[in-house]
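Chemist: one predicted model, sequence on top.
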Amino acid sequence: MRLLFFNHLENAVESLRASRFRTFLTITGVTIGIASIAAVLSLANGATDFLSRQAITTSDSIALVRSSKPSTPQSLLVDFESLHATTSLTEKDATELGQIENSTAAPMAILHTSLKSKDGSVDGERATLIGTNSNLLDIAELELLDGQFLADNNGNSGIVMGNQLAIDLFGTEHALGNITTIRGENFTVVGVLKSTNQPVNYHGVDFDQSAIIHLSAIKHFTQDVAQIQQIVIRSNTDQPLEPIVKTADEILSRNHLDEKDYAILTGKSITAPSSQLFSNIVTVVTIIAGISLLVGGIGIMNIMLVNVAERRREVGIRQAIGATDGQIINQFLIESAIIGLVGGIIGYLLGLSFAFLLGMYLPFSPVIDWQTAALSIGTAMITGIFFGIYPAIRAAKRDPIESLRH
């Protein structure tokens, strides 16, 4: 039995080598699908690991207060889109939450708008404008590259630029003293943040593409009402966060007359939106990769049907000297499995290479594990075998007399 298997294997390799170009094109179809799957899975593992570390980091020290409607399902309370909708949180909430013992709070009024450089060289750079207080620097663990953060001495005309926004707007990250115009009002750059390289984080904003001003200043663009989408609370001690959350809930319940139009998020619920975002992306890309793999599988079927037609006489001779249907089927299934295996290995390696290339521009690195390798290569082999079944059965069921006439 083992000798017969190796004989089938040798014949399969020789057959595929005899039609190199056709085999290459068929393997390419499988390779593209598997490369996509391997890249997506390794990046998804990296993203999951990244978000898990964020959840661990924030679980004991950070609570987010976000606006929500009483009828909103819990799954939507942490939707990033809600950050930019009408809010129920007020300045009074922010002030009183900031007075909770052993904690620090920073309100975040978020507005999407366009910024212009004063000299007119850049007209309409889209950015996220954040109205907040001086506490946000420490709470969000941001670092300054140049200048200072929001302070009383820079008044309502001071603005702190995200690193990439400063480059896009002024052509350099060293943009202190430059003037930007927002909806007709001028702001002087008093500080520039270091790059965070974290477009996805529990705050729901990309600080590299954001501009930060005083909460009182952003009210000029919202009819003199602070549209606070969230309030970030950080514990200043190593004590459990629960007492702070309990006090925050009591304050909000009192201010909102017991109407539950807010949500206090801690632990994993903070990173849930990011996890859901990556999950949706993985699902979409996996479907696309699956379609690509399906096309590759159809390619395998086509080449095997061509092989069966070209080797009709060979099959007839083997049947005439006693080869069983099972042996004929195995011969062609081994060929299709080899195509899947080679395409799977090449695709997995290409997918990893692409994932690591993307990882250079992402806040996390892809994760390599044997499960991803086994799933990618195993899927390729199963695809090869599945789409090789019909041609193999067709070859085995041919009339040997008719085959020998060719």
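Modeler: Thanks, I have it.

Chemist: so what secondary structure elements neighbour the biggest strand by length in the chain?
Modeler: Scanning the chain for the strand with the most residues, using DSSP state E, yields strand 103-117. Helices and strands touching strand 103-117, as assessed by 3 or more C-beta pairs under 8 Å, 6 or more residues apart in numbering; DSSP states H and E, comprise helix 91-97, strand 123-132, helix 136-139, helix 163-170, strand 179-182, helix 215-218, strand 228-235. (Glycine included, C-beta is placed from N, CA and C.)

Chemist: rounded mean pLDDT for the second one, please.
Modeler: If I follow you right, that is strand 123-132. The average pLDDT within strand 123-132 is 84.

Chemist: walk me through which strands it pairs with, and which way each runs.
Modeler: The strands beside strand 123-132 in its sheet (DSSP bridges) come out as strand 103-117 (antiparallel), strand 210-214 (parallel).

Chemist: so can I have JSON lines of the helices and strands packed on strand 103-117 showing mean neighbour count and distance to residue 352?
Modeler: Shown next, in JSON lines, are those (neighbours: other C-beta atoms under 10 Å; distance: least, C-beta to C-beta, whole Å):
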{"stretch": "helix 91-97", "mean neighbour count": "18", "distance to residue 352": "46"}
{"stretch": "strand 123-132", "mean neighbour count": "19", "distance to residue 352": "33"}
{"stretch": "helix 136-139", "mean neighbour count": "19", "distance to residue 352": "37"}
{"stretch": "helix 163-170", "mean neighbour count": "22", "distance to residue 352": "28"}
{"stretch": "strand 179-182", "mean neighbour count": "19", "distance to residue 352": "42"}
{"stretch": "helix 215-218", "mean neighbour count": "20", "distance to residue 352": "44"}
{"stretch": "strand 228-235", "mean neighbour count": "23", "distance to residue 352": "37"}
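
Chemist: out of the strands paired with strand 123-132, indicate the one that is most buried.
Modeler: Using mean count of other C-beta atoms under 10 Å, the stretch among the strands paired with strand 123-132 with the largest mean neighbour count is strand 210-214, at a mean of 24.

Chemist: can you pull out the low-pLDDT segments for the stretch 301-406 of the chain?
Modeler: For the stretch 301-406 of the chain, applying pLDDT under 70 flags the ranges 401, 403-406.

Chemist: report the beta-bridge partner residues of residue 235.
Modeler: Assigned bridge partners for residue 235, using DSSP bridges, are residue 103.

Chemist: does it touch residue 105 like I think?
Modeler: No - at 10.7 Å, residue 235 and residue 105 do not qualify as touching, with contact defined as C-beta atoms under 8 Å.

Chemist: can you give me how far the longest helix seen in the chain is from the chain middle?
Modeler: The longest helix of the chain (DSSP state H) is helix 268-310. Offset of helix 268-310 from its chain centre (C-alpha atoms, centre = their mean, to the nearest Å): 16 Å.

Chemist: and what of stretch 292-311?
Modeler: 34 Å.

Chemist: can you list the buried residues in that stretch?
Modeler: Applying a neighbour-count criterion of 16 or more other C-beta atoms under 10 Å, the buried positions in stretch 292-311 are 292-293, 296-297, 299-305, 307-308, 311.

Chemist: could you dump the residues you listed into a markdown table with distance to residue 379 added?
Modeler: Below are the buried residues of stretch 292-311 laid out as a markdown table (distance: C-beta to C-beta, whole Å):
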| residue | distance to residue 379 |
| --- | --- |
| 292 | 12 |
| 293 | 7 |
| 296 | 11 |
| 297 | 10 |
| 299 | 15 |
| 300 | 13 |
| 301 | 16 |
| 302 | 20 |
| 303 | 19 |
| 304 | 18 |
| 305 | 22 |
| 307 | 23 |
| 308 | 24 |
| 311 | 28 |
